[in-house]
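S.K.: Below is the sequence, then the predicted model.
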Amino acid sequence: MSEEAKQETFPRSFWTANLTELFERGAYYAMASFVVLYLGQLGLGDYWPSTLNGFLWTLVYFLPILSGTIADHIGFKKSLLGAFVLLGIGYFLMGYPVWFGGNTLSTTVESEITAGLSIMIPVMLAIFLIGLGGSVIKPCISGTIQKTSGRRATLAFGIFYMIINVGSLFGRAISYFVRTEFNSLSFIFAVSVACSVLAFFVVLFFYTDTENEAGAQVEKKPKKSVKKILFDMILVLKNKRFALFLIVSSGFFFIYSQVYNVIPLYLKKVVELDPAVDLITMANPFVIVFFQLLITKKFGKMKPINSIIVGIVIIGVAMVINLAPIFLSGGVSKMVLGDFIPIGSLFAVLTVGLIAFGELFTSARTYEYIGALAPKGQEGLFLGYANLPVAIGALIGGPAGAYIFNGIMCNKSIKLPSGLLQLDPFWNSMGWIILMAIGLGSAFSMWLYNRWLTANPYKS
């Protein structure tokens with residue numbers, strides 16, 4: 001093969017990394033849509049499920065700052081192998097209370113905490129292991145993509161972003177088939193375990209550290225010590241401009257996290273007894289896969305800050321559309337589309353799809369905005385902290401989402417003979433209006449922040 005032809009193809013580790021990411025995302029999203037319902041049906045009550053789910057997201061998006069350093073020192077391949085062992089064990093422990101612990105899942109999600117130590121211990125350990133393993137995967141895979149992309153970084157990360165969403169679709173679809181075939185929600189974790197095992201063997205037999213792969217153009221950089229990472233963290237967070245940005249932008253991810261906190265609870269306890277949350281939330285990766293190029297082409301020239309604000313407004317509006325079914329005849333459980341789906345579930349699909357459009361306007365442009373925000377020469381350092389708003393939004397969004405649903409939406413609710421809750425229309429509406437207000441408030445705060453930033457530029 002000529003040198004020119006070699007330059008037109010990505011090395012094997014690039015494609016192996018993408019395949020690994022597909023299985024890892026498949027594993028995560030096979031169970032992500034049902035975590036709060038599963039833990040609720042195990043007897044963890046109103047607040048623990050969402051709080052633990054928020055903590056899991058926080059680990060996945062905060063720990064890469066440290067775990068990436070460890071991966072640089074011991075090598076990506078060893079790190080990935082260790083991470084998938086942690087993930088496999090973690091997902092197994094999530095299913096353990098039902099598979100081997102003698103516990104059964106309640107058909108409904110009750111308010112009282114009935115779970116004992118035989119449930120709490122494996123679940124807590126599982127959350128920690130999944131969060132730790134996931135935090136190692138992220139810097140290894142994205143680092144491999146960066147190291148092997150050469151001058152084609154835009155194309156490389158475009159492929160990578162597409163694979164993430166294909167993996168999300170794959171995981172949810174397989175999860176739906178398995179849990180319905182075996183008639184047990186616990187089997188979503190069997191899918192996650194299987195995907196983790198597949199990813200482990202992909203790495204073991206096919207992945208090669210980029211430094212050892214012939215044909216890969218790798219720019220060698222000095223490896224950072226943990227001490228240096230902690231020093232950099234202080235340096236970044238002491239930057240008031242950036243610290244304020246982290247707080248302001250976390251509002252988007254606070255709302256985004258409710259796709260996996262409020263919406264599953266609303267569907268299960270208010271709309272239908274056996275909601276296909278995995279299929280409903282497939283609207284997110286579906287929209288991204290099919291509309292990413294169109295949005296980029298049509299709105300790619302929009303200023304990053306304007307794009308971010310538009311995305312946050314969209315995600316706020318996505319929440320408030322759920323007011324419509326509340327006041328229709330028959331309520332949120334009324335069957336529509338030829339008795340195919342309750343109208344509340346249909347609007348949940350629309351909500352998740354709209355949130356995905358908000359993500360298309362916001363996520364990629366956030367990196368661009370941070371790059372411009374960072375002090376000259378420190379762009380790479382600051383971009384390494386771009387996921388902190390996700391961690392902040394998820395950490396707050398877990399318990400806050402549980403309160404918005406249980407403390408506000410369910411205020412003055414009545415339990416029906418079917419087991420579903422009949423919500424008071426006023427308090428039900430207030431919950432969705434509060435979520436919308438948080439989204440619009442976040443967008444307004446971002447606009448104010450950018451105005452302040454423009455009026456107070458860096459002094460060289």
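M.R.: Everything's here; your move. Note that this is a predicted model, so its numbers are computed, not measured.
S.K.: So, low pLDDT: which residues of the chain?
M.R.: Applying pLDDT under 70 to the chain flags the ranges 1-8, 211-226, 379-380, 458-460.
S.K.: any idea how far the longest helix anywhere in it is from the chain center?
M.R.: If you go by DSSP state H, the chain has its longest helix at helix 117-149. Centre-to-centre, helix 117-149 and its host chain are 13 Å apart (Cα atoms, centre = their mean, to the nearest Å).
S.K.: Remind me what that helix packs against, helices and strands.
M.R.: helix 12-32, helix 48-62, helix 64-74, helix 76-99, helix 153-181 (3 or more Cβ pairs under 8 Å, 6 or more residues apart in numbering; DSSP states H and E). Every residue, glycine included, has its C-beta placed from N, CA and C.
S.K.: Out of those helices, which is closest to Gly251?
M.R.: Comparison of those against Gly251 by Cβ to Cβ identifies helix 48-62 as nearest, at 14.8 Å.
S.K.: List the buried residues of the closest one.
M.R.: 48-62 (16 or more other Cβ atoms under 10 Å).
S.K.: Can you list the neighbours in contact with it?
M.R.: Residues outside helix 48-62 that contact it (Cβ atoms under 8 Å, 6 or more residues apart in numbering) are 35-40, 44, 109, 113, 123-124, 127-128, 130-132, 134-135, 138, 257, 260-261, 265, 387-388, 390-391, 394-399, 401-402.
S.K.: could you give the angle of it to helix 64-74?
M.R.: 50 degrees (axes from the mean of the first three to the mean of the last three Cα atoms, to 10 degrees).
S.K.: gap between helix 48-62 and the chain center?
M.R.: For helix 48-62, the distance from its own C-alpha centre to the chain's C-alpha centre is 10 Å (Cα atoms, centre = their mean).
S.K.: With just CA atoms, put it into CSV.
M.R.: What follows is helix 48-62, C-alpha atoms only, in CSV (Å, rounded to 0.1, in the frame of the first residue of the first chain):
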residue,chain,number,x,y,z
TRP,A,48,-32.6,6.6,46.8
PRO,A,49,-33.1,5.4,43.2
SER,A,50,-32.7,8.8,41.6
THR,A,51,-30.0,9.8,44.0
LEU,A,52,-27.9,6.7,43.3
ASN,A,53,-28.5,7.2,39.5
GLY,A,54,-27.3,10.8,39.8
PHE,A,55,-24.2,9.6,41.8
LEU,A,56,-23.5,7.0,39.1
TRP,A,57,-23.5,9.7,36.3
THR,A,58,-21.3,11.9,38.5
LEU,A,59,-18.7,9.2,38.9
VAL,A,60,-18.7,8.5,35.1
TYR,A,61,-18.2,12.2,34.2
PHE,A,62,-16.0,13.5,37.0
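S.K.: Okay, Ser67 and Tyr207: tell me how far apart.
M.R.: Ser67 is 17 Å from Tyr207, where distance means Cβ to Cβ, to the nearest Å.
S.K.: ugh, typo on my part, it should be Ile414
M.R.: 55 Å.
S.K.: In terms of neighbours, single out the busier of those two.
M.R.: Ranked by neighbour count (other Cβ atoms under 10 Å), Ile414 and Tyr207 place Tyr207 first, with 23 against 9.
S.K.: Ramachandran angles for that one?
M.R.: phi -80, psi 140 (degrees, to the nearest 10).
S.K.: Does it touch Ser13 like I think?
M.R.: Yes: under the criterion of Cβ atoms under 8 Å, Tyr207 makes contact with Ser13 at 6.2 Å.
S.K.: Quick one: neighbours of Ile130, just the number.
M.R.: For Ile130, the neighbour count with other Cβ under 10 Å is 28.
S.K.: For it, give me its contacts.
M.R.: 56, 59-60, 86-87, 90-91, 94.
S.K.: between those residues, which is closest to Ala324?
M.R.: The nearest member of those to Ala324, counting by Cβ to Cβ, is Leu56 at 31.8 Å.
S.K.: distance of that closest one from Thr148?
M.R.: From Leu56 across to Thr148, the span is 30 Å (Cβ to Cβ).
S.K.: Confirm for me that Ala443 is in contact with Ser307.
M.R.: No: with contacts counted by Cβ under 8 Å, Ala443 stays clear of Ser307, the gap being 11.6 Å.
S.K.: Spit out the contact partners of Thr351.
M.R.: Thr351 touches 259, 263, 318-319, 321-322, counting by Cβ under 8 Å, 6+ apart.
S.K.: out of these, which are buried?
M.R.: By 16+ other Cβ under 10 Å, those give 259, 263, 318-319, 322 as buried.
S.K.: what's the distance between Ala71 and Ile370?
M.R.: In this view, Ala71 and Ile370 are 22 Å apart by Cβ to Cβ.
S.K.: and the two? which has more neighbours close in?
M.R.: With neighbours defined as other Cβ under 10 Å, Ala71 and Ile370 compare such that Ala71 has more, 24 against 21.
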